[in-house]
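**Q** coords please:
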Amino acid sequence: MKSVVDTSSSPFAKLWGLGMDQVRIEGGFWRARMDAIRRTSLPWQYEEIKRTGRLDNFLIAAGLKEGKVSPHLAGDSDVYKWVEAAACACWDNAEPELKARMDEVVAAIEKAQEPGGYINTTFTGARAGERWKDLIHGHEIYTGGHLIQAAVAHHRATGSRQLLNVAVKWADLAYRLFGPGERPGTCGHPEAEMALIELFRETGDRRCLELASLFIQRRGQQPPLVGGSPYLQDHAPIRLQTTPTGHAVRQLYLLSGLTDLFMESGDVSFMDTLRQQWRNLCAKKLAVTGGVGARYQGEAFGADYELPNRTCYNETCASIALAQWAWRMLLASGDAGCADVMERTLFNGALSGVSLDGRTFYYTNPLEHDGGEDLAGSHRGSCRRTSQHWDHTACCPPNIGRTLASMPGCLYGQSQGALWVHHYADSSATAQTAGARVQLRQRTEYPWDGQIEIRVEPEREAAFELRLRVPGWARGAQIAVNGQPAGAEARPGAYAILSRAWRPGDCVTLSLPMPVERLRAHPRVSCCHGRVALARGPVVYCLESADHPGGDLSQLALLKEAEISAGFEPDLLGGVVALRSQGVVMQGQQALYAPGAAPKAAAPADITAVPYFAWANRERGAMEVWIPEM
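**A** Next up, the predicted model:
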């Protein structure tokens, strides 16, 4: 199976990812998360697809079942995302029951498609007359994009064209309706753009690439095609959109499609736009956890440095979208900073959206919580069951499913004469380079430990580059080959390049120091004045009420000079590195108004911090990431 984003033939891509059939995550952190998705999340989600009528919708549309289509405007896309996740999971570790369920769902989708290529269960039957009438809110093109992504993943995983043929017919219809010289439409919710480009990569049909380009470049026209608002990224032509704005998921899906378009077209003006958007987002709109989309209202980006703690939205889907964009920016540029953002987002902002056991999900990912009702009217914890989401909007659960199931395709990359290691996990990879078959065997306890061993096993001696990402937080990294200093520069936020004639059994060791860091926000983020966030390696930490019984988190402060210890605790939250230190309990008005001031009759307190991604996996209670410091 190729990588989820296959740039191996894209003329302006810097590199491409190794395919799902070339990489195996064998143990450790990501293996546990993938297993939870495969064994728990996907079977649960399948039952929810059935219970809420989403699967029956396709049978009703096909005339194979009586009933009324369930009222989920983009419900088809939830089914498509589930199929994409199941396809990746089946490739990684095929289970007969999961594959049988996937085959059942694919067959239902196929039967629901009309001879002309149309498929959208919302606008079948009584609502057929509404087709293509509301491109801003109707989600027809958006849903078609998720159909394509599911079909491409299914084809790459199984070799079957069953679902791919459905996607091709839908794309043919979309081209007839919205192609050159036809209706100048585009979708209010970008998504199909990157999907169509991936369909072009899979089939070679350049009409898909052409249609994706039209959808992207029709934004910001006069008169406007989708409302003309910044919320829908329709306020200016794409080359003039230099600041992330509006609905965060829409914005990041659009930028992902634009990055794909650059890698196929080489239009440098597209890359200029992408770099400006990237710089603004990373410097001024990115939470310490990798969360994006600060505003509850509209699930949207806010102004520069508008990064609230308690009232932020930071939707799980937005973090997933950022990881998708960062991955594409990495493929387009080879810039390790893109992999850094992707890593921070996956380990924190995205992974916090699913419980450790894969049974519960969360849409919003605040940086502070009092344990009660959040602004959306629901609290985090065991009561945030998947079923509560599937009754209404269900975008995040299958989205996190497909993201984690496809993790093997994001670890390694390749370019002419070079193999790249982007992310660290207990894994193996196989690639063909320098005329030889090469296997890489990576052993590590990352992210809990910064020691990484990579055994290089070419079938015979072969000269090529091995490029290892040195994360931006990793100061003082050391690299050795066969026990001797490698002589390669290990600069934080860059790839260390090891160029040599590799022999079977060569062993590379990468040592990444992992001290606990006290991070400070930009001065313009006013809610974080006098506060610090704790991080160790790629993992951001938080305080939880569960570790401070009888105390009020809002009154705890960390002492400036206190040492912070880090230790692996196998019985805590499934096995995590926890941080422990000394602090104080602030008193009265001091707690509210004087963080950073000298403590006044403050009582000493033990401080325990746990990984942010693991919060709300115990009893219901308060949480905070940014901790007052005294």
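**Q** Just to check, A153 is in contact with A87?
**A** Yes. A153 is within contact range of A87, at 4.3 Å (criterion: CB atoms under 8 Å). All C-beta atoms are positioned from the backbone trio N, CA, C, and that covers glycine.
**Q** measure E84 to A157 for me?
**A** Look at E84 and A157: by CB to CB, to the nearest Å, they are 9 Å apart.
**Q** Name the residue in the two with the higher neighbour count.
**A** E84 (30 against 23; other CB atoms under 10 Å).
**Q** Does that one belong to a helix, a strand or coil?
**A** With DSSP: H, G, I helix; E, B strand; the rest coil as the basis, E84 sits in helix.
**Q** same thing with I400?
**A** Quick answer, by three-state DSSP: I400 is helix.
**Q** Provide the backbone phi and psi angles at the nearest residue to it once chain neighbours are set aside.
**A** Among residues not flanking I400 along the chain, V354 sits closest, at 5.0 Å (CB to CB, 6 or more residues apart in numbering). Phi and psi for V354, reported as degrees, to the nearest 10, are phi -140, psi 140.
**Q** Could you check how many residues crowd around V354?
**A** Residues near V354, counting by other CB under 10 Å: 26.
**Q** same check, this time on K68
**A** Counted with other CB under 10 Å, K68 comes out at 11.
**Q** Helix, strand, or coil at it?
**A** Assigned by three-state DSSP, the conformation of K68 is coil.
**Q** Now do the phi/psi pair for it.
**A** phi -110, psi 140.
**Q** ok, now which ones touch D340?
**A** Taking CB atoms under 8 Å, 6 or more residues apart in numbering as the contact definition, D340 lies against R469, P471, G472, W473, G493.
**Q** Name only those of those residues that count as buried.
**A** If you count burial by 16 or more other CB atoms under 10 Å, the buried members of these come out as R469, P471, G472, W473.
**Q** how about the strands in the stretch 351-500 of the chain?
**A** Listed in chain order, the strands of the stretch 351-500 of the chain (DSSP state E, counting those that start in this stretch) span 368-369, 412-415, 418-421, 427-433, 436-444, 451-458, 462-470, 478-481, 484-485, 494-502.
**Q** now for the ones you listed, which one comes closest to C396?
**A** Of all those, strand 368-369 sits nearest to C396, with 17.4 Å by CB to CB.
**Q** burial count for the nearest residue to G125 once chain neighbours are set aside?
**A** Closest residue in space to G125, ignoring its immediate chain neighbours: V69 at 6.4 Å, by CB to CB, 6+ apart. V69 has 20 neighbours, counted by other CB under 10 Å.
**Q** Enumerate every residue touching G159.
**A** G159 touches nothing, counting by CB under 8 Å, 6+ apart.
**Q** how close does it sit to W91?
**A** Counting by CB to CB, the gap from G159 to W91 is 11 Å.
**Q** Same question for T403.
**A** Counting by CB to CB - T403 and W91 are separated by 15 Å.
**Q** of these two, who's got more company?
**A** Each of T403 and W91 has its neighbours counted (other CB under 10 Å); T403 has more, 29 against 21.
**Q** My guess is the more buried one contacts I320. True?
**A** Yes. At 5.1 Å, T403 counts as touching I320 under the criterion of CB under 8 Å.
**Q** At which residues are the helices of the stretch 451-600 of the chain located?
**A** Listed in chain order, the helices of the stretch 451-600 of the chain (DSSP state H, counting those that start in this stretch) span 588-593.
**Q** How many neighbouring residues does P570 have?
**A** Neighbours of P570 (other CB under 10 Å): 8.
**Q** quick one: secondary structure of L135?
**A** L135 - assigned by three-state DSSP - is coil.
**Q** tell me which element the most centrally placed residue in the chain is part of?
**A** When CA atoms, centre = their mean is applied to the chain, the residue found nearest the centroid is I320 (2.5 Å). Taking DSSP states H and E as the criterion, I320 maps to helix 316-333.
**Q** In which helix or strand does the residue lying closest to A86 once chain neighbours are set aside reside?
**A** Using CB to CB, 6+ apart and skipping the chain neighbours, the partner closest in space to A86 is M102 (4.3 Å). Per DSSP H and E: M102 is located in helix 96-112.
**Q** Which elements pack onto that helix?
**A** Under the contact definition 3 or more CB pairs under 8 Å, 6 or more residues apart in numbering; DSSP states H and E, helix 96-112 sits against helix 42-51, helix 54-61, helix 75-92, helix 140-158, helix 162-178.
**Q** Any stretches of this protein with poor pLDDT?
**A** Filtered on pLDDT under 70, the chain yields the residue ranges 1, 373-389, 588-601.
**Q** Domain map for it?
**A** The chain breaks down by automatic domain parsing into domains covering 16-410, 412-511, 518-628.
**Q** okay if I get these as TSV plus distance to S9?
**A** Converted to TSV, the domains of the chain look like this (distance: least, CB to CB, whole Å):
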stretch	distance to S9
domain 16-410	7
domain 412-511	13
domain 518-628	31
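**Q** Which one, of the ones you listed, ends up nearest to T7?
**A** Here domain 16-410 is closest among the domains of the chain (CB to CB), at 4.4 Å.
**Q** Show me which residues of stretch 207-214 are buried.
**A** Residues of stretch 207-214 classed as buried: R207, C208, L209, L211, A212, S213, L214 (neighbour count, 16+ other CB under 10 Å).
**Q** Contact partners for the residue nearest to R328 when sequence neighbours are not counted?
**A** Sequence neighbours aside, T259 is the residue nearest to R328 in space, at 4.0 Å (criterion: CB to CB, 6+ apart). Counting by CB under 8 Å, 6+ apart, T259 makes contact with F270, L274, W325, R328, M329, L331, A332.
**Q** who's in contact with the third one?
**A** In this structure, W325 makes contact with L252, L255, S256, T259, judged by CB under 8 Å, 6+ apart.
**Q** among these, which two are most distant?
**A** Most distant of the contacts of W325, by CB to CB, are L252 and T259, 10.4 Å apart.
**Q** so E202 touches L164, yeah?
**A** Yes. E202 lies in contact with L164 (CB under 8 Å); the separation is 7.3 Å.
**Q** Check the contacts of T259 against G290 and report the nearest one.
**A** Among those, W325 lies closest to G290 (CB to CB), at 11.9 Å.
**Q** and that closest one, how far is that from R618?
**A** Taking CB to CB, one finds W325 at 33 Å from R618.
**Q** can you check A332 too?
**A** For A332 relative to R618 (CB to CB), the value is 41 Å.
**Q** again, but for G298
**A** For G298, the distance to R618 - CB to CB - is 32 Å.
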